[in-house]
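**Student:** got a predicted model here, sequence first, then my questions.
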Amino acid sequence: MAAQILDGKQIAAAVREEVKAEVAGLKERGITPGLAVVLVGDDPASQVYVRNKHKACEEVGIYSEVHRLPAETTQEELLDLIKQLNNDRRIHGILVQLPLPEHINEKTVIDTIALEKDVDGFSPANVGNLVIGDRCFYPCTPHGCMVLLDKTGIDIKGKKAVVVGRSNIVGKPMAMMLLARHATVTICHSRTKNLAEECRQADILVAAVGKPEMITGDMIKEGAVVIDVGINRVGEKKLVGDVHFESAAQKASWITPVPGGVGPMTIAMLLKNTVEAARR
Ligand SMILES: Nc1nc2c(c(=O)[nH]1)N[C@@H](CN(C=O)c1ccc(C(=O)N[C@@H](CCC(=O)O)C(=O)O)cc1)CN2
Ligand SMILES: [Mg+2]
């Protein structure tokens, strides 16, 4: 069986059109959604992502401001900026691009963002609300994975889902979202014994480990849905996921490509969360 492609680029474009219409509706009520993006340092990938976020906002009519701070910025200076943005009425969503320079404590920074403006959904309070099923912002990348499944009409209820990776920004929230939709969820990680056997149980397999092409076709059940969250740069230009695409596509019913799968959904869901923040 050759897999069908879960086309993140196309689905993200559809989400962005939805957001554009929602923004137009809010503007008629005198509300312009506003996003502040904070970038510290000069990580080249982060610069690209931040530029893309700003462009995506402009395209759908969201007001966006980018705060570019030098790598030597102190934690206190960064916290001062966040506090100022917390009190800025034009700004409904605040995000601090990760990773941050070593001398800054990521946890302290994220926890300083006002809960109602935390459109990345990374703060402890937001994560707590996600776990107990209260109103919250879904972190953009796992939220994007869920929308890919839903817009493709893939059923989640009662399915066996395996999430490989337990990061706070992808693996853990992904598992919680699948659980909330009544999947039976297993989380695997670097100490999991017999990873291949665990993966072969999955009707829905989500790979978020950050290891190039480590999930191979022999680890996939015939007909499984495979979501690849990995973005790994190998060599000068090549970008690969955590899944070995060619062998996995022989077994899966649906699979996300890299690039063009989960990545574009991340920014689309950020726009959604910003509009949601403004609506509230
Ligand atoms: N504050 C945050 N920091 C980071 C997040 C985040 O959600 N919030 N996620 C990642 C980076 N990221 C957005 O910030 C992001 C990563 C990848 C893509 C994307 O569109 N990828 C493309 C490939 C692009 C390329 O060539 O590099 C794809 O997969 O098709 C968008 C956003 C870490 N930091
Ligand atoms: Mg992300």
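**Tutor:** Perfect, thanks for sending it. Just so we're clear, the structure is a prediction, and the values are computed from it rather than from any experiment. Ligands and ions are numbered 1, 2, ... in the order given.
**Student:** okay, now the one residue in the chain that gets nearest to ligand 2: neighbour count?
**Tutor:** Proximity of the chain to ligand 2 (CB to the ion) peaks at T141, 3.5 Å away. (Each C-beta comes from the backbone N, C-alpha and C, glycine too.) The local packing of T141 (other CB atoms under 10 Å) involves 23 other residues.
**Student:** which strand or helix spans it?
**Tutor:** According to DSSP states H and E, T141 maps onto helix 140-151.
**Student:** contact partners of that helix?
**Tutor:** With CB atoms under 8 Å, 6 or more residues apart in numbering as the test, helix 140-151 has contacts from 6, 8, 11-12, 14-15, 119-121, 138, 156, 169-170, 173-174, 177-178, 181, 204, 206, 208, 225, 227, 229, 256, 261-262, 265-270, 272-273.
**Student:** averaged pLDDT, that helix. What do you get?
**Tutor:** The average pLDDT for helix 140-151 rounds to 98.
**Student:** following that helix, which helix or strand comes up?
**Tutor:** Per DSSP H and E, the helix or strand that comes after helix 140-151 is strand 160-164.
**Student:** where does the prediction get shaky in this protein?
**Tutor:** 1 (pLDDT under 70).
**Student:** and the longest helix seen in it with helix 140-151, angle?
**Tutor:** The residue-count maximum for a helix in the chain (DSSP state H) belongs to helix 8-28. Calculated by axes from the mean of the first three to the mean of the last three CA atoms, to 10 degrees, helix 8-28 forms an angle of 100 degrees with helix 140-151.
**Student:** could you see whether ligand 1 lies near helix 8-28?
**Tutor:** No: Helix 8-28 stays clear of ligand 1 (CB under 6 Å from any ligand atom), getting no nearer than 6.7 Å.
**Student:** residues of the stretch 101-250 of the chain that sit close to ligand 2?
**Tutor:** Within the stretch 101-250 of the chain, the residues that sit near ligand 2 (CB under 5 Å from the ion) are T141.
**Student:** would you map the helices across the stretch 101-250 of the chain?
**Tutor:** 106-112, 124-132, 140-151, 171-180, 195-199, 245-249 (DSSP state H, counting those that start in this stretch).
**Student:** buried set for the fifth one?
**Tutor:** What that stands for is helix 195-199. 195, 198-199 (16 or more other CB atoms under 10 Å).
**Student:** same thing with the first one?
**Tutor:** By neighbour count, and taking 16+ other CB under 10 Å as the criterion, the buried residues in helix 106-112 are 109-112.
**Student:** between those residues, which is nearest E102?
**Tutor:** V109 (12.9 Å; CB to CB).
**Student:** contacts only, for that closest one.
**Tutor:** Contacts of V109 by CB under 8 Å, 6+ apart are 75, 78-79, 82, 96, 100.
**Student:** what parts of the protein come near ligand 1?
**Tutor:** 49, 95-98, 120, 140-141, 231, 239, 258-260, 263-264, 266-267.
**Student:** for PyMOL, write a command that selects the buried ones of these.
**Tutor:** The PyMOL command for the buried members of the residues of the chain next to ligand 1 (criterion: 16+ other CB under 10 Å) is given here:
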select buried, resi 49+95+96+97+98+120+140+141+231+258+260+263+264+266+267
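**Student:** just give me the neighbour total for G261.
**Tutor:** Counted with other CB under 10 Å, G261 comes out at 29.
**Student:** how about it, nearest residue that isn't a chain neighbour?
**Tutor:** The spatially closest residue to G261, leaving aside those adjacent along the chain, is G8, at 4.3 Å (CB to CB, 6 or more residues apart in numbering).
**Student:** against Y49, how distant is the one you found?
**Tutor:** 15 Å (CB to CB, to the nearest Å).
**Student:** mind checking the SS state of the closest residue to ligand 1 within the stretch 1-150 of the chain?
**Tutor:** Proximity of the stretch 1-150 of the chain to ligand 1 (CB to the nearest ligand atom) peaks at L98, 3.7 Å away. In three-state terms, and counting by DSSP: H, G, I helix; E, B strand; the rest coil, L98 is coil.
**Student:** for beta bridges, what are the partners of K160?
**Tutor:** Residues in a beta bridge with K160, per DSSP bridges, are T184.
**Student:** pretty sure it sits against T184.
**Tutor:** Yes: assessed by CB atoms under 8 Å, K160 is found in contact with T184 at 5.1 Å.
**Student:** ok, I91 - how many residues close by?
**Tutor:** Neighbour tally, I91, other CB under 10 Å: 22.
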